[in-house]
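A.B. asks: Pasting the sequence and the predicted model now:
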Amino acid sequence: MEELVGLREGSSGNPATLRDLWGPCPRIRRGIRGGLEWLKQKLFRVGEDWYFLMTLGVLMALVSFTMSFIVGRVVQGSGIPEVKTILSGVVLEDYLDIKNFGAKAVGLTCTLAAGSTIFLGKVGPFVHLAVMLAAYLGRVLTKTTGESENKSKQNEMLVAGAAVGVATVFAAPFSGVLFSIEVVSSHFTVWDYWRGFFATTCGAFMFRLLAVFNSEQETITSLYKTNFRVDIPFDLPEIFFFVLLGAICGILACAFLFCQREFLNFVKINPITSKLLATSKPLYSALAAFILASITYPPSLGRFMASRLSMEEHLNSLFDNNLWALMTRNSSPPWPTEPDPQNLWFEWYHPQFTIFGTLTFFLIMKFWMLILATTIPMPAGYFLPLFVLGAATGRLIGEALSFAFPEGIVAGGATNPIMPGGYALAGAAAFSGAVTHSISTALLVFEMTGQIVHVLPILMAVLMANAIAQSFQPSFYDGTIIVKKLPYLPWIRCRKINSHCVIVEHFMNCTVTTLAKDTPLEEVVKVVTSTDLAEYPLVESTDSQILVGMVRRAHLVQALQAEPPSWAPGHQWCLQDILARGCPTEPVTLKLSPETSLHQAHNLFELLNLQSLFVTSQGRAVGFVSWVELKKVISNLTNPPAPK
């Protein structure tokens, strides 16, 4: 019957089915159908493939989140803050378990598949993956050789793994080792140098060799090719502008670090977002990904921020040595239907916005979009987006200078044109180095591009940016540690807090539970059952309180639960008898004095990855110092409490 068609009486037009003629509310249904047809024509006028690309970004973000959600919070985020915490001596359960490797890798793959929609990188997750493998290979080595577990060797493997994670992303072995020293480990032994360099060299060589085998490159070359002038890459007066660029990047880094940390706190405190992250993480991830995908939609706002380019293409275009502002002054290149690999800089031009407008719009939008993306609970890296933001900042400054000095800056009677690509290199190194508090980014840009003609100005820009950022804000990874409340010992940074006058006696915990050798067994049992300490200080006697060693709770409980001693009449059994029957004790090799300064205690804790130390005065146990006391005194010195 549906195939029967006809015309309604008294009407003219196209024939209609009987369902349309006799169905309920035919006019309303025809109006809705017509409205949907009109919306379809308007939406798909710009090409339906962009909608599918936006859907791809949202779906990949959801799949990436799902992989991390199935395994747990272990594989979410960057991973560098947690690795940094582990290398400081803290044990994070299951964080380096090899079972999380697959979920982290698949989740990261989905994150990268979203492309510039989410605008996230892979450095942090690669560091986490490499450290996972290093921990697993360390355990395999221990079982193969039959040796006992050695914590120092385990740390050596983890530090080398962190260096390999950076080196295999950028094919940069030297900066990979230096980055792991600056960012991941608080102290680095000379013995770890050759291990790190050997591992990173093998990783970087294999990374570039695979590109040759895959026919992507003809031979082993740098990751990002540049074509800068070698004879006179920059004039001497330009040093001032490079230093100014470093100062601008330092200020922008401080603003980014402050806004990112405050927004993370807001997301955790706000009742709506905190509830979403607690009960509906997929919904929060979908909403955040949808917002980012909608903004980067190329025929819309994405048209003004080169959203059709990947992050690799972003860097290739920003490092271009052409003068965009001068080339578009008298001509308007057409916007290609597809990105032109030979002229990627066309994506940055719009006749109404100009080069300066698109670069500025890109920086403003990506600034807050990256902050929003850092809150999505999925495996993602944040170093490469920071690198792109810095390159765009440098490119904007370089284009402004080339527009202001079209012939170049006169120096020594010669005039050489300004190369904005060099400023993009300096901006990328300065901004990413300021946010992460590292100098190795200067070496990183040289290894990535294969040229060092801008070594002096880039290094000066990085130093200036770090000087500003380190004076006012913690690094990106330290800020994440603060927000996540990970157990990490803070630095004593400020010189105006008079910290050198503080000694251990001022902040030590005097409430110390000791066990004397002459303590009756009944008292020992009461102490063990009423406390949950992992170890107890052992003193010579109740009166002397001379510290002679340490006994672990597990060993003590095992000895108390063993075969009970035969109770001889008239004999008072005490802890000494339990120790004599084989309960092991450990010597106390390191102790603090009440007169030890705060800085000395802090250095000991960081250098040896300690958790607590006993305080003795003339051999007597008078207290102990742990991370809790150190963090509290540093916090009180940096932000003194208000007077009552």
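C.D. replies: Structure received.
A.B. asks: residue contacts, the most centrally placed residue in the chain?
C.D. replies: The centroid of the chain falls nearest to residue 78 when counting by Cα atoms, centre = their mean (4.4 Å). Residues in contact with residue 78 (Cβ atoms under 8 Å, 6 or more residues apart in numbering) are 123, 124, 125, 127, 128, 380, 381, 382, 477, 480. Backbone N, C-alpha and C define where each C-beta goes, glycine included.
A.B. asks: out of those residues, which one sits closest to residue 319?
C.D. replies: residue 123 (18.4 Å; Cβ to Cβ).
A.B. asks: Could you give me the buried positions within the helix or strand where residue 466 lies?
C.D. replies: Residue 466 is part of helix 455-472 when elements are defined by DSSP states H and E. By neighbour count on 16 or more other Cβ atoms under 10 Å, the buried set for helix 455-472 is 457-466, 468-470.
A.B. asks: Next secondary structure after that helix?
C.D. replies: Using DSSP H and E, the helix or strand that directly follows helix 455-472 along the chain is helix 476-484.
A.B. asks: buried sites along that following helix?
C.D. replies: Buried residues in helix 476-484, counted by 16+ other Cβ under 10 Å: 476, 477, 478, 479, 480, 481, 482, 483.
A.B. asks: Relative to residue 261, how far out is the second one?
C.D. replies: Think residue 477. 11 Å (Cβ to Cβ, to the nearest Å).
A.B. asks: could you say what helices and strands the helix holding residue 466 packs with?
C.D. replies: For helix 455-472, the elements it packs on are helix 238-269, helix 420-436, helix 441-449, judged by 3 or more Cβ pairs under 8 Å, 6 or more residues apart in numbering; DSSP states H and E.
A.B. asks: Now do the last one against helix 455-472: the angle between them, please.
C.D. replies: For helix 441-449 against helix 455-472, the angle by axes from the mean of the first three to the mean of the last three Cα atoms, to 10 degrees is 140 degrees.
A.B. asks: in what helix or strand does residue 490 lie?
C.D. replies: Judged by DSSP H and E, residue 490 forms part of no helix or strand.
A.B. asks: I'd like the helices and strands packed on helix 455-472 as JSON lines, with mean neighbour count, mean pLDDT and distance to residue 224 appended.
C.D. replies: Formatted as JSON lines, the helices and strands packed on helix 455-472 follow (neighbours: other Cβ atoms under 10 Å; pLDDT from 0 to 100; distance: least, Cβ to Cβ, whole Å):
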{"stretch": "helix 238-269", "mean neighbour count": "19", "mean pLDDT": "92", "distance to residue 224": "19"}
{"stretch": "helix 420-436", "mean neighbour count": "31", "mean pLDDT": "92", "distance to residue 224": "9"}
{"stretch": "helix 441-449", "mean neighbour count": "25", "mean pLDDT": "86", "distance to residue 224": "5"}
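A.B. asks: could I get the ones you listed as a markdown table with distance to residue 102?
C.D. replies: Formatted as a markdown table, these follow (distance: least, Cβ to Cβ, whole Å):
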| stretch | distance to residue 102 |
| --- | --- |
| helix 238-269 | 28 |
| helix 420-436 | 28 |
| helix 441-449 | 29 |
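A.B. asks: Residue 558 is nearest to which of those?
C.D. replies: Between these, helix 238-269 lies closest to residue 558; by Cβ to Cβ that is 42.3 Å.
A.B. asks: Contacts for the helix or strand following the closest one, please.
C.D. replies: Helices and strands here follow DSSP H and E; after helix 238-269, the next one along the chain is helix 271-279. Contacts to helix 271-279, defined as Cβ under 8 Å, 6+ apart, come from residues 266, 267, 268, 283, 284, 287, 377.
A.B. asks: hmm, try it at 10 Å
C.D. replies: The contact list for helix 271-279 (Cβ atoms under 10 Å, 6 or more residues apart in numbering) reads 263, 266-268, 270, 282-285, 287-288, 375-377.
A.B. asks: picking that back up, now the residue nearest to the centre of the chain. Nearest residue, chain neighbours left out?
C.D. replies: For residue 78, ignoring the flanking residues on the chain, the nearest one in space by Cβ to Cβ, 6 or more residues apart in numbering is residue 124 at 2.9 Å.
A.B. asks: Count the neighbours of the one you found for me.
C.D. replies: As a burial measure, residue 124 scores 29 neighbours (other Cβ atoms under 10 Å).
A.B. asks: repeat for the one 5 residues further on
C.D. replies: Residues within reach of residue 129, counting by other Cβ under 10 Å, total 23.
A.B. asks: check contacts around it.
C.D. replies: 75, 79, 100-101, 104-105, 108, 122, 161, 164-165, 168, 379.
A.B. asks: doesn't it fall inside a strand?
C.D. replies: No - counting by DSSP: H, G, I helix; E, B strand; the rest coil, one finds residue 129 to be helix, located in no strand.
A.B. asks: So for it, what's the pLDDT?
C.D. replies: Note for residue 129: predicted pLDDT of 85.
A.B. asks: Now do the same for residue 229: its pLDDT.
C.D. replies: The model's pLDDT for residue 229 equals 65.
A.B. asks: Next one: the residue nearest to residue 362 when sequence neighbours are not counted from residue 389, what distance?
C.D. replies: The shortest distance from residue 362 to any residue other than its chain neighbours is 4.1 Å, reached at residue 305 (Cβ to Cβ, 6+ apart). Per Cβ to Cβ, residue 305 is found 12 Å from residue 389.
A.B. asks: shared neighbours, the two?
C.D. replies: Residues touching both residue 305 and residue 389 by Cβ under 10 Å, 6+ apart: 119, 314, 362, 363, 366.
A.B. asks: Now the residue nearest to residue 78. Its backbone dihedrals?
C.D. replies: phi -60, psi -50 (degrees, to the nearest 10).
A.B. asks: Wait, it touches residue 386, no?
C.D. replies: No - contact between residue 124 and residue 386 fails when scored by Cβ atoms under 10 Å: they sit 11.0 Å apart.
A.B. asks: What mean pLDDT does stretch 582-594 get?
C.D. replies: Mean predicted confidence for stretch 582-594 is 85.
A.B. asks: Repeat that for stretch 274-288.
C.D. replies: Here the average pLDDT along stretch 274-288 is 81.
A.B. asks: Then stretch 632-643?
C.D. replies: In the prediction, stretch 632-643 has an average pLDDT of 74.
A.B. asks: what does stretch 31-39 give?
C.D. replies: 73.
A.B. asks: what does stretch 79-91 give?
C.D. replies: Per-residue scores along stretch 79-91 average to 80.
A.B. asks: ditto for stretch 522-529
C.D. replies: Stretch 522-529 comes out at a mean pLDDT of 84.
A.B. asks: Give me the buried stretch members for that stretch, please.
C.D. replies: By neighbour count on 16+ other Cβ under 10 Å, the buried set for stretch 522-529 is 524, 527, 528.
A.B. asks: Can you pull out the residues in contact with it?
C.D. replies: 513-516, 519-520, 533, 536, 542, 551, 553, 556-557, 559-560, 572-575, 578.
A.B. asks: Show me which of these are buried.
C.D. replies: 514-516, 519, 536, 551, 556, 559-560, 573-575, 578.
A.B. asks: May I ask which two of the residues you listed are separated the most?
C.D. replies: Of all pairs in the buried ones among the contacts of stretch 522-529, the most separated under Cβ to Cβ is 514 and 573 at 19.0 Å.
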